[in-house]
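Colleague: Provided below are the primary sequence and the corresponding predicted coordinates.
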Amino acid sequence: MSGIENTIIARLERNGEKFEILVDPKKAYDYKTGVKKEIDNVVMVEEVFKDANKGDRQTASAIKKAFGTEDFNEIAKQIFADGELQLTTDQRRKVLAEKRLKLVELICRNAVDPRAKTPHPPARIESALEQARFNVDPFKSVDEQLEKAVDSIREILPISLEQARIAVRIPAQYAPRCYGLVKEYGIKQEEWLNDGSLAVVIEMPAGVTNAFYDRINKATAGSAETKTL
């Protein structure tokens, strides 16, 4: 089996038997996480193994019993869906670093200190996650891990996930050009008034309100009227 040195193993244990396939590291990770939708070109060797490292092939009877089919692509899909993917050391380190950074950014956007109603700095969030020994899951999106991550640091930091609702009135001279800006944050209600001004209610993660106020004040030369609901 030449060319398998640049592969990783996707593995599933079912009915007391192990089923392993050799896959491309990047394409397999993208497929496992949903970035890649089709399984074509993911598997490097069209063979199911008991032990891929030793080259021990799984028996046809065990495969048929476990998967109910002899179609290799269907078997591979089941292994990906229900099994685990062994990342390389470097790949896992890189993925976890990227996910942790994105998770910290997401927490800063969506969570605040409930006492001051202001977001915690990224360095504080990162430190709290380390103290809580929160393990980032390389195969789940950061959105899926947000609540669990916040729960893990509640004893370390006063923190809560909150949405802010803000009423905004933009003078007529700025309203057309600012519509796209407020739409970015999630318009819940809007009304174009008789004088040409725009009144909206927007909802956004509490952690981004300061950035919103900075942007809307700059875009309207400080003339926008805002009120927290």
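Modeller: Arrived safely, thanks for sending. What you are looking at is a predicted structure, and each value in this text was computed from that prediction instead of being measured. Residues are numbered from 1 along each chain as shown.
Colleague: and the lengthiest helix in the chain, what does it pack onto?
Modeller: In the chain, ranked by residue count with DSSP state H as the criterion, the top helix is helix 89-110. Other elements packing on helix 89-110 under the criterion 3 or more C-beta pairs under 8 Å, 6 or more residues apart in numbering; DSSP states H and E are helix 25-32, helix 122-131, helix 142-152. For every residue, glycine as well, the C-beta is placed using N, CA and C.
Colleague: which stretches of the chain form helices?
Modeller: According to DSSP H, the chain carries its helices in the segments 25-32, 60-67, 72-82, 89-110, 122-131, 142-152, 175-184, 209-219.
Colleague: residue 15 is nearest to which of those helices?
Modeller: Residue 15 sits nearest to helix 60-67 of all the helices of the chain, at 5.3 Å, using C-beta to C-beta.
Colleague: by contact count, what packs against the closest one?
Modeller: Helix 60-67 makes packing contacts with strand 17-23, helix 72-82 when contacts are defined by 3+ C-beta pairs under 8 Å, 6+ apart.
Colleague: if we use 6 Å, what do you get?
Modeller: With contacts defined as 3 or more C-beta pairs under 6 Å, 6 or more residues apart in numbering; DSSP states H and E, there are no secondary structure elements packing on helix 60-67.
Colleague: who touches it?
Modeller: Under the criterion C-beta atoms under 6 Å, 6 or more residues apart in numbering, residues 14-15, 17, 48, 75, 78 lie in contact with helix 60-67.
Colleague: select from those the one having the most neighbours.
Modeller: If you count neighbours using other C-beta atoms under 10 Å, the busiest of the contacts of helix 60-67 is residue 48, which has 25 neighbours.
Colleague: from residue 31, how far out is that residue?
Modeller: Between residue 48 and residue 31 the distance is 17 Å, computed by C-beta to C-beta, to the nearest Å.
Colleague: how about residue 215?
Modeller: Distance from residue 215 to residue 31, by C-beta to C-beta: 38 Å.
Colleague: who has more neighbours out of the two?
Modeller: When neighbours are counted by other C-beta under 10 Å, residue 215 and residue 31 differ, and residue 31 comes out ahead with 24 against 17.
Colleague: pull the contacting residues for the more buried one.
Modeller: With contact taken as C-beta under 6 Å, 6+ apart, residue 31 is in contact with residue 42.
Colleague: and it, how far from residue 123?
Modeller: Here residue 31 is placed at a distance of 35 Å from residue 123 (C-beta to C-beta).
Colleague: got it, and residue 150?
Modeller: 17 Å.
Colleague: I'm done for today, thanks for sticking with me.
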